[in-house]
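[1] Build me a model:
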Amino acid sequence: MAVIYVALGDRNQAFSWLQKSCQDRPEHMLYLKMEPLADPLRTDPRFDSLVHRVLATGSSAH
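    Got it, this is the predicted structure:
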């Protein structure tokens, strides 16, 4: 769903769905930092915050 909102230019909804994905299925988010579809979000400070949270969640799972 987040990708749809990125395409529509709705960053708030995109981040809302990304945060939900991070909580529900963090393993699916591990490649977010390299995902080209996330390019429009990279300049938003919430992106770095989300990436750090995903990486912290992923590393604590091991």
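
[2] What mean pLDDT does stretch 32-46 get?
    Stretch 32-46 carries an average pLDDT of 94.

[3] what about the spatially most central residue of the chain, which helix or strand?
    When CA atoms, centre = their mean is applied to the chain, the residue found nearest the centroid is Leu18 (4.4 Å). Using DSSP states H and E, Leu18 sits in helix 11-24.

[4] for the following helix or strand past that helix, packing partners?
    Where DSSP H and E defines the elements, the next helix or strand beyond helix 11-24 is helix 45-60. Counting contacts by 3 or more CB pairs under 8 Å, 6 or more residues apart in numbering; DSSP states H and E, helix 45-60 packs against helix 11-24. C-beta coordinates here come from the backbone N, C-alpha and C atoms, glycine included.

[5] which residues are contacting the helix it packs on?
    Identification of contacts with helix 11-24 by CB atoms under 8 Å, 6 or more residues apart in numbering yields 1-3, 5-6, 28-29, 32, 40-41, 44, 46-47, 50, 53-54, 57.

[6] I am finished for the moment; much appreciated.
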